[in-house]
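Undergrad: I would like to see how this sequence folds:
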Amino acid sequence: MTPTPPPLSTTRRVKRIAPLQLGKMLALLYGIMGLIFCPIFLIMSLVASHSPSPQRVGMMAFGTGFALMLPFLYAAMGFIGGVVSAFIYNIIAKWIGGIEVEVE
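TA: Got it, this is the predicted structure:
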């Protein structure tokens, strides 16, 4: 049996990122992060239910409302951030050549 030679590594360059695709990816990732952080705001709302009466309603409403809106807010910000980031990356990559990645 002859040993196989190790695979050669080669450098590849990311020249362009599709803005809408990156926006969709980041929207989904950020939306999932919003779902993960949602229980924190629900716990904050639960803790606020033990505060004095005038403050209780406002804090509970804020905590619950923010917990329900957080995944959507994060997803929207992820989409917008992804599209803008890809757009800026594509402009800069034309000037300096993009990111180099080593692959096997």
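Undergrad: Tell me, how many residues neighbour Ser45?
TA: 19 (other C-beta atoms under 10 Å). No exception for glycine: its C-beta is placed from N, CA and C like everyone else's.
Undergrad: Could you find the closest non-adjacent residue to it?
TA: Once flanking residues are discounted, Ser45 sits nearest to Gly63: 2.9 Å by C-beta to C-beta, 6 or more residues apart in numbering.
Undergrad: Let me know whether that neighbour touches Pro39 as I believe.
TA: No - at 10.9 Å, Gly63 and Pro39 do not qualify as touching, with contact defined as C-beta atoms under 8 Å.
Undergrad: Between the two, tell me which one has more neighbours.
TA: Neighbour count, other C-beta under 10 Å: between Gly63 and Pro39, Gly63 has more, with 20 against 11.
Undergrad: give me phi/psi at the more buried one?
TA: Backbone geometry at Gly63, expressed as degrees, to the nearest 10, gives phi -60, psi -50.
Undergrad: Please identify the helix or strand for the residue nearest the centre of the chain.
TA: Centroid-nearest residue in the chain, with C-alpha atoms, centre = their mean: Tyr30, separated by 3.6 Å. In the assignment (DSSP states H and E), Tyr30 maps to helix 19-48.
Undergrad: Of all the residues in that helix, which ones are buried?
TA: 19, 22-24, 26-27, 30-31, 34, 38, 41-42, 44-45, 48 (16 or more other C-beta atoms under 10 Å).
Undergrad: Show the average pLDDT along it.
TA: Here helix 19-48 scores 88 as its mean pLDDT.
Undergrad: quick one on the thing from earlier: tell me the contacts of the residue nearest to Ser45?
TA: Phe41, Leu42, Met44, Ser45, Leu46, Ala48 (C-beta atoms under 8 Å, 6 or more residues apart in numbering).
Undergrad: now these as CSV including distance to Trp95?
TA: Output for the contacts of Gly63, formatted as CSV (distance: C-beta to C-beta, whole Å):
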residue, distance to Trp95
Phe41, 42
Leu42, 46
Met44, 45
Ser45, 48
Leu46, 52
Ala48, 51
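Undergrad: Can you tell me which of those is nearest Tyr89?
TA: Using C-beta to C-beta, Phe41 is the member of the contacts of Gly63 that lies nearest Tyr89, at 32.4 Å.
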